[in-house]
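>>> Take this sequence and fold it.
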Amino acid sequence: MYEHFFQCPYCWEEISVLLDPSVSRQTYIEDCENCCNPIEFSVAFEHGEITEFEAQNIEQ
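Predicted coordinates for the structure are as follows:
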């Protein structure tokens, strides 16, 4: 598992997520640990390294 730090698209706080490199492409939704708003993550790995990371707000 990788711990990856990023800025929340809602509250702009730096938070972290744990990413699993055993799945090469993944998209999922998780709430911000600070403001509790839903964030959609798109992550890609190649040879165990992060090649793509996007965290965006879900327009509601």
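
>>> center of this protein - which residue?
Phe41 (4.2 Å; C-alpha atoms, centre = their mean).

>>> Which strands border the helix or strand containing it, and is each parallel or antiparallel?
Counting by DSSP states H and E, the element that carries Phe41 is strand 38-46. Applying DSSP bridges to the sheet, strand 38-46 is found paired with strand 25-31 (antiparallel), strand 49-57 (antiparallel).

>>> quick one: which of those is nearest Glu14?
For the strands paired with strand 38-46, the distance to Glu14 is smallest for strand 49-57, at 11.4 Å, taking C-beta to C-beta. For the C-beta atoms, the positions are set from N, CA and C on the backbone; glycine is no exception.

>>> Identify each buried residue in that closest one, please.
Residues Ala55 are the ones in strand 49-57 that count as buried (16 or more other C-beta atoms under 10 Å).

>>> and Val17, how many neighbours does it have?
Per other C-beta atoms under 10 Å, the neighbour tally for Val17 reads 19.

>>> Please apply the same query to Phe45.
The local packing of Phe45 (other C-beta under 10 Å) involves 19 other residues.

>>> In space, what's closest to it - neighbours in sequence excluded?
Pro21 (4.6 Å; C-beta to C-beta, 6 or more residues apart in numbering).

>>> And for Glu33?
Using C-beta to C-beta, 6+ apart and skipping the chain neighbours, the partner closest in space to Glu33 is Ile15 (5.4 Å).

>>> I'd guessed the residue nearest to the centre of the chain sits against Cys32; true?
No - the criterion here is C-beta atoms under 8 Å, and Phe41 misses it with Cys32 at 11.2 Å.

>>> The closest residue to Ile58 other than its chain neighbours: what's it in contact with?
With sequence-adjacent residues excluded and distances taken as C-beta to C-beta, 6+ apart, Ile58 is closest to Pro38, at 4.8 Å. Counting by C-beta atoms under 8 Å, 6 or more residues apart in numbering, Pro38 makes contact with 29-32, 57-58, 60.
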